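Visitor: have a look at this prediction, sequence included:
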Amino acid sequence: EEPQSRYSSPKLKGKIQAAPQMLLSVSKFRLFFCWAVFKHSGSSAYTSSLMSRHRRFPLSSKARTSLDALKISLRQLRWKEFPFGRRLPCDIYWHGVSFHDNDILSGQVNKFPGMTEMVRKITLSRALRIMQNLFPEEYNFYPRSWILPEEFQLFVAQVRMVKDGDPSWKPTFIVKPDGGCQGDGIYLIKDPNDIRLTGTLQSRPAVVQEYIYKPLLIDKLKFDIRLYVLLKSLDPLEIYIAKDGLSRFCTEPYQEPNPQNLHHVFMHLTNYSLNIHSGKFIHSDSASTGSKRTFSSILCRLSSKGVDIKKVWSDIISLVIKTVIALTPELKVFYQSDIPTGRPGPTCFQILGFDILLMKSLKPMLLEVNANPSMRIEHEYELSPGVFENIPSLVDEEVKVAVIRDTLRLMDPLKKKKETHFPDICMGRKHRIPPVSDRMSSSKFKGSSLSVARSQHPEKPVTGKEDLDCEMTGDPDSNPEAHLPSICLKQVFPKYAKQFNYLRLVDRMANLFIRFLGIKGTMKLGPTGFRTFIRNCKLSSSSLSMAAVDILYIDITRRWNSVTLDQRDSGMCLQAFVEAFFFLAQRKFKMLPLHEQVASLIDLCEYHLSLLDEKRLLCGRRRRPQSSPPQEMNARTQSAAGSLAPRMIGANKLSHSRHALS
């Protein structure tokens, strides 16, 4: 149906005519995208240009709702894109939903294995509850939650107990289905015996949370904040936060929840996908008006009223880092399952959407985390009942295109290669950005082949400009990023690692868990692996026999397997291992707070395992004496033993800096 003039190239026309069977075998969406790439090529020069000076080829046919923003980002970066199905390796694969959208063996993919499962309502609540048990004051930014149906009786009993102690307490609860999205299935209740809650118990799992009272209002409307967070690497942990986000407003003036207005979703729920159907929804291209605005416009308004904006940002950064720390342990387990050590696979990164509510006191509260935040840059306009037209949204485009574009800049494989080969030339020591290392171990990536076509122009030095920028100098031909603005993503970890590393106890437990999994690719610890853990860490004693260890394993594993949906493997999942670890820590260090008990037991386990590793290393080198000089071995052995001696972590060990995170 295209005009004949579109087929001006005989070579292009031949390609299209020669591939009807291939085109018929793919989905309609993929067919359209492949055609779009061919259509814009114009001539056979397109094919040759791909392998000339264009440096990276993000594979974007799975990008779905982020396609428009991704295409704009690629044009700004002057990168080239491949349609899915081209049989050339790409540098970056941009998937739409999950890591498993396609089998990728090399390059970088914009999803982590297991992320979609980790940020579901129930899994997120469990991960944050573990941290709340360890550090209740540090994790008070997440509302108290109960998992239904398994904790329904506990929910009813706790609400009754509080009401008996304070008859004036009239709580409101918000029910969120575990698999729901875009506000689907969310409702408010005042009584745990509400008939709708009974229906939820019979239909699908859910999380019920305390409703957050006294939200900050703008123009008498409740609103939330969507912030974009880049998880650039798991090990080492690297986190970036976008310097701007979106504020999504309710469309009905806020009132405290009461039995008469509980069903007013346009008053209590800030979900954009709900409020867009309100007759009072205001589409606006202004950053400071309408039902969707930039977060920076809200901060400017608060600043004009004397609010300490640096303190607000400091609290938000703290919330984001602590939440990612809570998610990281199980993500590591998923990662080693999908990409075990020694097997080929891509490196990973991911953009997350954090939904945050500011209270009247300006304290941020976490609502949820989205693994696949919408990157649409248009909104729907209803022309007539049931007839919609997509209209470009300048507010969305301003924020989302910058996030995608600068994520690609940070993941740029050529920049990493240049920094690896010329670190002191490319970047000043003060401004050096950590290298891209999204794999669990950098050694896994060495054998991968990438389709990176280098420019024929000589490369020029790179100088550090800001904390987050690595701007190249020289003419535009040698530096395609010279025309771009400064990067919009601010590194917050490891920049503030010293203030938060003491929270990473569960992360260290996950390392122990993964060590004893045994079979590559499994996610659950078998009884033999658990016994080996106890034996190697020397945790058995006269009061804890191996028979008691077996009973502990069976009891905890059976309970967790009855409530988790993941039945891929039989055995002890990470959460069950954490519970068993807490039990062991409380037995061994009875007089300490829980976080100190756990920290002390982790230190003890790591110490015994380091001695065991050194012993195995020495035994191996005795068989191969030529591999290392004896004096070098002795020095290394003494060094490791001295540095890893068990220690008791007291309150002074856990004190940390409270300086503002600017």
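Guide: Arrived safely, thanks for sending.
Visitor: what helices or strands is the lengthiest strand in the chain leaning on?
Guide: Counting by DSSP state E, the longest strand found in the chain is strand 221-233. Applying 3 or more CB pairs under 8 Å, 6 or more residues apart in numbering; DSSP states H and E, one finds that strand 221-233 makes contact with strand 238-242, strand 246-249, helix 295-304, helix 309-338, strand 350-358, helix 394-410. Using the backbone N, CA and C atoms, a C-beta is placed for each residue, glycine as well.
Visitor: what is the burial count for Val403?
Guide: Using other CB atoms under 10 Å, Val403 has 27 other residues around it.
Visitor: before we move on, the earlier item: the longest strand of the chain pairs with which strands, parallel or anti?
Guide: With DSSP bridges as the test, strand 221-233 is paired with strand 217-218 (antiparallel), strand 238-242 (antiparallel), strand 246-249 (antiparallel), strand 350-358 (antiparallel).
Visitor: now stretch 504-523 - C-alpha only, PDB.
Guide: C-alpha atoms of stretch 504-523 as PDB (Å, rounded to 0.1, in the frame of the first residue of the first chain):
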ATOM      1  CA  ARG A 504      23.600  -4.900  53.800                       C
ATOM      2  CA  LEU A 505      23.400  -7.800  56.200                       C
ATOM      3  CA  VAL A 506      20.900  -9.800  54.200                       C
ATOM      4  CA  ASP A 507      23.100  -9.300  51.100                       C
ATOM      5  CA  ARG A 508      26.000 -11.000  52.900                       C
ATOM      6  CA  MET A 509      23.600 -13.800  54.000                       C
ATOM      7  CA  ALA A 510      22.600 -14.200  50.300                       C
ATOM      8  CA  ASN A 511      26.300 -14.700  49.400                       C
ATOM      9  CA  LEU A 512      26.500 -17.500  52.000                       C
ATOM     10  CA  PHE A 513      23.300 -19.000  50.600                       C
ATOM     11  CA  ILE A 514      24.600 -18.900  47.000                       C
ATOM     12  CA  ARG A 515      27.900 -20.500  48.000                       C
ATOM     13  CA  PHE A 516      26.100 -23.600  49.400                       C
ATOM     14  CA  LEU A 517      23.500 -24.000  46.700                       C
ATOM     15  CA  GLY A 518      25.700 -26.600  45.000                       C
ATOM     16  CA  ILE A 519      24.100 -27.200  41.600                       C
ATOM     17  CA  LYS A 520      24.400 -24.400  39.200                       C
ATOM     18  CA  GLY A 521      21.200 -22.700  38.300                       C
ATOM     19  CA  THR A 522      19.200 -23.800  41.300                       C
ATOM     20  CA  MET A 523      17.500 -21.300  43.600                       C
END
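Visitor: residue ranges of the strands in the stretch 351-500 of the chain, please?
Guide: Applying DSSP state E, counting those that start in this stretch to the stretch 351-500 of the chain gives strands spanning 364-370, 378-384, 387-392, 489-493.
Visitor: taking strand 238-242 as reference, get the angle to the last one.
Guide: Using axes from the mean of the first three to the mean of the last three CA atoms, to 10 degrees, the direction of strand 489-493 lies 140 degrees away from that of strand 238-242.
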